[in-house]
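Student: This is a predicted model, with the sequence first.
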Amino acid sequence: MTINETLQVSEADIPTDEDVSVTQHLLRASIGEMTYQFLLHMIDIERGNLSHELVRERIILPSEIQKINAHTSVIDNLVRLLMMMGLKTAAEFERFLTVLSNSGQQAVANAVQQALHVVGQHGQNPLQYISRKAQFFIFK
């Protein structure tokens, strides 16, 4: 190619708004799934009376805690809690991280906040992007 030649770019090589939107959705879904898996493996739901503190701070209603605690398995309760948090606003998710931090799990809350900041998702609820189908099966 000589200096005087121009590059011709086909329209197929230029990302459309739809391509960008799909990419952003996939990124958010991936971050949501990674956050979910991290929290699932790191949160100690019984530490610092987390459920009680979430009710006290009005992040979760007492009726929601009853649904969360419907099973005897700690892991089932934690899965239900995280799915419930996926239905909350970004502000409620931030308050959830604060309660988590105040319950002696600062490292977990800090890691999530740092990860969200690094990927430009700070101030959002990444759990909102986890599978709605999974939420349906959890709460039916």
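Tutor: Now that the structure is in, tell me what you want to look at.
Student: got a pLDDT number for residue 52?
Tutor: Predicted confidence (pLDDT) for residue 52: 89.
Student: what about the residue lying closest to residue 45 once chain neighbours are set aside, helix or strand, and which?
Tutor: Closest residue to residue 45 apart from its sequence neighbours, by CB to CB, 6 or more residues apart in numbering: residue 78 at 4.9 Å. C-betas here are computed from N, CA, C, even on glycine. Residue 78 is located in helix 74-85, with elements delineated by DSSP states H and E.
Student: Can you list the residue ranges for helices in this protein?
Tutor: With DSSP state H as the criterion, the chain has helices at 17-42, 50-56, 62-68, 74-85, 90-102, 106-118, 132-139.
Student: How about residues contacting the helix holding residue 78?
Tutor: 36, 39-40, 43, 45-46, 51, 54, 60, 64, 67-71, 92-93, 96, 125, 127, 130, 134-135, 138-139 (CB atoms under 8 Å, 6 or more residues apart in numbering).
Student: follow-up on the earlier one: which stretch in the helices of the chain is the model least sure about?
Tutor: helix 132-139 (a mean of 50).
Student: What's the end-to-end length of stretch 63-83?
Tutor: 15 Å (CA to CA, to the nearest Å).
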